[in-house]
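Asks: Here's my sequence, what's the structure:
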Amino acid sequence: MSAMDAAAPMEGTPLIKPSTTDHPLYEQVVEACRSVYDPEIPVNIYDLGLVYTIEINAEAEVEVIMTLTAPGCPVAGEMPGWVADAIEPLPGVKTVNVAMTFEPTWGMDMMSDEARLELGFM
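Replies: I've put the predicted structure just below:
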């Protein structure tokens, strides 16, 4: 057994928690996330792949799990607030909590095709 096998998550456990894509507010929350940009990259945080999970419960409480392109990002302390500020005004949203994670580490493969095209990677 290699060291990588020992560090691997349990079989079948997703690295990124699934989003609540079937909630009526989901698409509006995604669009709100798309209004937030990383100041160093001319692409929104959703298409960059920085939003890992959007969870919305029956009470319309929104939980967002996101990351940054790098842990030392200069706006690390501000970005969650920007995301919360974009989502909170949506009609029907009760509360918003934005949590930061660095597991799994963000990679360029998490970007949408639109983001890759915008940044000249396609």
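Asks: Could I get the full set of helices for the protein?
Replies: 3-7, 26-33, 45-48, 79-87, 113-118 (DSSP state H).
Asks: right, and those helices - which one's nearest residue 100?
Replies: helix 79-87 (5.9 Å; C-beta to C-beta). (C-beta placed from N, C-alpha, C; glycine too.)
Asks: Most tightly packed of the helices of the chain?
Replies: Of all the helices of the chain, helix 45-48 has the most neighbours on average by mean count of other C-beta atoms under 10 Å, namely a mean of 22.
Asks: ok so, going back, would you turn the helices of the chain into CSV with mean pLDDT?
Replies: As requested, these are arranged in CSV below (pLDDT from 0 to 100):
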stretch, mean pLDDT
helix 3-7, 44
helix 26-33, 97
helix 45-48, 95
helix 79-87, 96
helix 113-118, 90
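Asks: Dump the ones you listed to a markdown table, plus distance to residue 71.
Replies: Putting the helices of the chain into a markdown table (distance: least, C-beta to C-beta, whole Å) gives the following:
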| stretch | distance to residue 71 |
| --- | --- |
| helix 3-7 | 19 |
| helix 26-33 | 20 |
| helix 45-48 | 15 |
| helix 79-87 | 12 |
| helix 113-118 | 20 |
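Asks: what about the ones you listed, which gets the closest to residue 17?
Replies: Among the helices of the chain, if distance is taken as C-beta to C-beta, the winner is helix 26-33, at 14.3 Å.
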